[in-house]
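Asker: Dropping a prediction and its sequence here:
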Amino acid sequence: MTEREYDLVVVGAGPAGMAAALQGHKLGLKTCVLDEQPGVGGQIHRGIDRDLTKAFGSDDPDARRGAGLVAEFQASDIDYSPETIVWHLDPDGRMAVMRGDETEVIKYRHIILATGSIERPMPVPGWTLPGVMTAGAAQATLKSAGIVPSGRIALCGTGPLLYLAAAQLVEAGADVRILVDTQQSGRLRAALPALPAALTAPDYLLRGIPLLRAPANAGVEVVRSVSGLKINGDERAQSVSWDAGGKTRTEDVDWVLLHQGVVPNINLQQAAGCDISWNERQHCWQPVLDDWGVTSQPKISVAGDSGGILGGEAAQHLGKIAALGAAMKLDCLSPAAATEQAAPAHRSLRRLKAIRPFLDILYMPGREYRMADQATLACRCEEVTGGEVRSAIQSGCAGIYQIKMYTRCGMGPCQGRMCGLTIAEMVADETGKPFSEVGEFRQRTPVKPVPLTALAKLPDAFSDMEIGDQVSEKPATAEKVA
């Protein structure tokens, strides 16, 4: 088994991870970047270094900024390991990773987790049928391979990224028939108090207006303020139906793409024992961080959307700040020098943060789309319905771990990554308890499914590792589980 040592390890090669690695490298830190994907860029800049993305609207300010960052990273001599799964992280400075069939131990003096975000689950009736996927998954396939679903497509949910995915798919030649927006009526009124602060970043708002108009301008029908969304079909998705204006409508489609915002990807933070808190405005869990992105574990920092949803431009600034903070922790940079160098990034962040309350309130997913109804699966791995979850709560299960023991929710290969928010929402809704009392599913080693051979190859130094539920007889990937 090989073993490497670094001053700074960065997990994730999106905008936050690349910016953090470049900053750490410039400061003289021996730096390594690990990423599960075959190429750099993360979800937002995936494939931007190839001509492929030019076919669906990469020529915009965000894309140009991303292309510049990718080019700078690729021109550096930073040690970069793509297609590498981090499946164990000790807060004392060691980690286990797997690339192909090879397991490797890496020692670090400081680590920055820039693992980005994941799409919020949307457990509507029919969401587990073949032919249903997230809009982000379709977007990733388009960016990485230039492939779009063949057949009639409906996009359902809410948020700016739903409209972005629709626009990109249309430009790539996909047959997008309809966009069903589940945004609740009255959300704009609720968000208006936050608008004055958002107007301090007018360029950000103005960039969004053409995006929201793009699907309709391309001939895609847009239906807003719907309720009762469900996906119909026997062997696979065949249609989508919803209620609007007192009437029920059904649209025949071949594919349904769901999206209702993103939430921080906190799997590694949880597994390493970092403190987590509930963000009421964004309605999700996120790590507790100081001004430099350092968690409750002093050797672990977080940058980008994995620390709270702020977007790709903000992620780049947060990556730089986290690297400066890491250098300060490692006594490679004085506090005064770190503060001076981080000042421009902090100024830009203040402007970008000002718009978030407006967007978070405006696009908060409706209550009915955050929870599973009686017959709909809440936990896909263990096939537990919303009715079974509520029955367990009514029987006296008052916390998320009692639900786990009673129903097996969160005990499958994903360890609650897919159902955790849904179950927490249902417990809070049924009991009236705050989310801080409901709790969240905490990930355990191995964070991602790994073969038994990966454990067998570990050195004796890892003999005290607490093993969770994700040991498999053959290699598996997060994509296969999801």
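Answerer: Alright, I've got the coordinates. Numbering: from 1, shown residues only.
Asker: Give me the secondary structure label for Gly24.
Answerer: helix (DSSP: H, G, I helix; E, B strand; the rest coil).
Asker: Spit out the contact partners of it.
Answerer: Contacts for Gly24 (Cβ atoms under 8 Å, 6 or more residues apart in numbering) come out as 7-8, 10, 31, 112, 323, 326-327. All C-beta spots, glycine's among them, are computed from the backbone N, C-alpha and C.
Asker: Which ones among these lie within strands?
Answerer: Those of these mapping onto strands are 7-8, 10, 31, 112, per DSSP state E.
Asker: hmm, back to that, grab the two from the contacts of Gly24 that are most spread out in space.
Answerer: Val10 and Ala327 (12.9 Å; Cβ to Cβ).
Asker: Give the residue from these two that has the larger number of neighbours.
Answerer: When Val10 and Ala327 are compared for neighbours, Val10 comes out ahead with 35 against 25, by other Cβ atoms under 10 Å.
Asker: To what extent is the residue lying closest to Thr445 once chain neighbours are set aside buried, counted in neighbours?
Answerer: Closest residue to Thr445 apart from its sequence neighbours, by Cβ to Cβ, 6 or more residues apart in numbering: His88 at 4.6 Å. Per other Cβ under 10 Å, the neighbour tally for His88 reads 27.
Asker: Wait, a strand at His88?
Answerer: Yes - counting by three-state DSSP, His88 falls inside a strand.
Asker: how about stretch 357-367: buried residues?
Answerer: For stretch 357-367, a neighbour-count test (16 or more other Cβ atoms under 10 Å) marks 357-366 as buried.
Asker: gap between the two ends of that stretch?
Answerer: 19 Å (Cα to Cα, to the nearest Å).
Asker: now swap in stretch 271-284 and tell me
Answerer: 17 Å.
Asker: and what of stretch 370-385?
Answerer: Terminal-residue distance, stretch 370-385 (Cα to Cα): 14 Å.
Asker: Other residues contacting it?
Answerer: 120, 123-128, 283, 386-390, 407-414, 418-419, 421-423, 425-426, 429, 481.
Asker: Can I get the buried part of those as one PyMOL selection?
Answerer: To isolate the buried subset of the contacts of stretch 370-385 in PyMOL, counting by 16+ other Cβ under 10 Å, use the following:
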select buried, resi 120+123+124+125+126+127+283+386+388+389+390+407+409+410+411+412+413+414+418+419+421+422+423+425+426+481
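Asker: Give me the subset of the contacts of stretch 370-385 that lies in strands.
Answerer: Using DSSP E to define strands, no part of those is located there.
Asker: For the nearest residue to Arg99 once chain neighbours are set aside, list the residues it contacts.
Answerer: Distances taken as Cβ to Cβ, 6+ apart place Thr84 nearest to Arg99, at 4.5 Å, with adjacent residues excluded. Contact analysis of Thr84 by Cβ under 8 Å, 6+ apart lists 34-36, 97-99.
Asker: Could you identify the buried members of the residues you listed?
Answerer: Using 16+ other Cβ under 10 Å as the burial test, these include 34-36, 97-98 as buried.
Asker: Looking at the residues you listed, spot the one nearest Val302.
Answerer: Of all these, Val302 sits closest to Leu34, with 14.9 Å by Cβ to Cβ.
Asker: For that closest one, give the beta-bridge partners.
Answerer: Under the criterion DSSP bridges, Leu34 forms beta bridges with Val11, Ser81.
Asker: Offset the numbering so it begins at 46, please.
Answerer: With 46 as the first residue, the last one maps to Leu79.
Asker: pLDDT value on it, please?
Answerer: Here, the pLDDT recorded for Leu79 equals 98.
Asker: and what of Ile400?
Answerer: 94.
Asker: wait, what's in contact with it?
Answerer: Ile400 neighbours (Cβ under 8 Å, 6+ apart): 242-243, 245-246, 249-250.
Asker: Of those residues, just the buried ones, PyMOL syntax please.
Answerer: Buried residues within the contacts of Ile400, by 16+ other Cβ under 10 Å, are selected in PyMOL with:
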select buried, resi 243+246+249
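Asker: taking the contacts of Ile400 one by one, which sit in helices?
Answerer: Residues of those located in helices (DSSP state H): 242-243, 249-250.
Asker: Can you tell me the SS state at the residue lying closest to Met178 once chain neighbours are set aside?
Answerer: Spatially, and ignoring its direct neighbours in sequence, Met178 is nearest to Leu302 (6.1 Å; Cβ to Cβ, 6+ apart). Per three-state DSSP, the local secondary structure of Leu302 is strand.
Asker: what bridges to Leu302?
Answerer: Applying DSSP bridges, one finds that Leu302 bridges with Met178, Leu200.
Asker: Any stretches of this protein with poor pLDDT?
Answerer: The model of the chain has pLDDT under 70 over residues 46-47, 95-105, 504-527.
Asker: Count residues in the vicinity of Leu302, would you?
Answerer: Leu302 has 27 neighbours, counted by other Cβ under 10 Å.
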